[in-house]
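> what follows is a predicted protein model with its sequence.
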Amino acid sequence: MNIGVLALQGAFIEHEKTLRSLGANAVEVRLPAQLDDLDALIIPGGESTTIGKLAVAYRLLEPLYRFAISKPVWGTCAGMIMLAKDIGRDQPLIGVMDIQVNRNAFGRQVDSFETDLTVPELGSDPFRAVFIRAPLVTGVSAGVQVLARLPEGGIVAVRQRHWLATAFHPELTPDDRFHRYFLEMVGG
Ligand code: GLN
């Protein structure tokens, strides 16, 4: 499988490493033509305003939207923001998922933290999740499946059709179950 990783800014190398360890071919994407032969795409964490600005500058935003309409896409953290339709402010987005997202949803003191999540789709073992100035999903429409919540109830992982979004960074921990889950989405 050829899995693209948007490589404009942020934690793309870590995704590539995990994908390769699972036997997938990881392809860095910076130009529209590099989307051509891909089966799916990951949009990494980083800074969504920067990723959005660079996507506009490289004329990638519209090709990314067209790609997302037909192929699986997974956004982590800033990538989740890029996939959301509604973030309550104006910045360049791919905007395909029917979710409301609040950027930098956690106050300063806890703007980065780790916690164990229960993710039934991944089995019974908890998933250690790393949150870095993370967004939170504050609203979902019908058709959006909630995959994980914080102990306090906040939604942090969702799936809608062939789109996956996580507010945290599965590429920064050795647990590769989210990457496996995404590859299954791509394969099936
Ligand atoms: N705070 C960043 C944003 O708003 C996201 C942080 C991350 O991707 N780790 O885009």
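In hand now; what should we look at?

> which parts of stretch 44-63 count as buried, going by neighbours?
44-48, 51-55, 60-61, 63 (16 or more other CB atoms under 10 Å). (C-beta placed from N, C-alpha, C; glycine too.)

> and which of those is nearest to G139?
Taking CB to CB as the measure, G139 lies nearest S48 of the buried residues of stretch 44-63, at 17.7 Å.

> just the pLDDT for the closest one.
Reading off the confidence values, S48 has pLDDT 98.

> do the same with the one 10 residues further on
At Y58, the pLDDT value in this model is 96.

> before we move on, what about G188?
Note for G188: predicted pLDDT of 74.

> pull up the gap between it and A40, please.
Distance check for G188 against A40: by CB to CB, to the nearest Å, it reads 12 Å.

> who has more neighbours out of those two?
A40 (23 against 6; other CB atoms under 10 Å).

> beta partners of the more buried one?
Residues in a beta bridge with A40, per DSSP bridges, are I3.

> my guess is L60 contacts P32. True?
Yes. Counting by CB atoms under 8 Å, L60 sits close enough to P32 to count as a contact (5.8 Å).

> wait, is E171 part of a helix?
Yes. E171 forms part of a helix when assessed by DSSP: H, G, I helix; E, B strand; the rest coil.

> residues contacting it?
Neighbour list for E171: A11, E14, H15, K17, T18, P44, G45, T76, H179 [criterion: CB atoms under 8 Å, 6 or more residues apart in numbering].

> neighbours of T118, how many?
Neighbours around T118, by other CB under 10 Å: 13.

> my bad, A142
By other CB under 10 Å, the residues close to A142 number 6.
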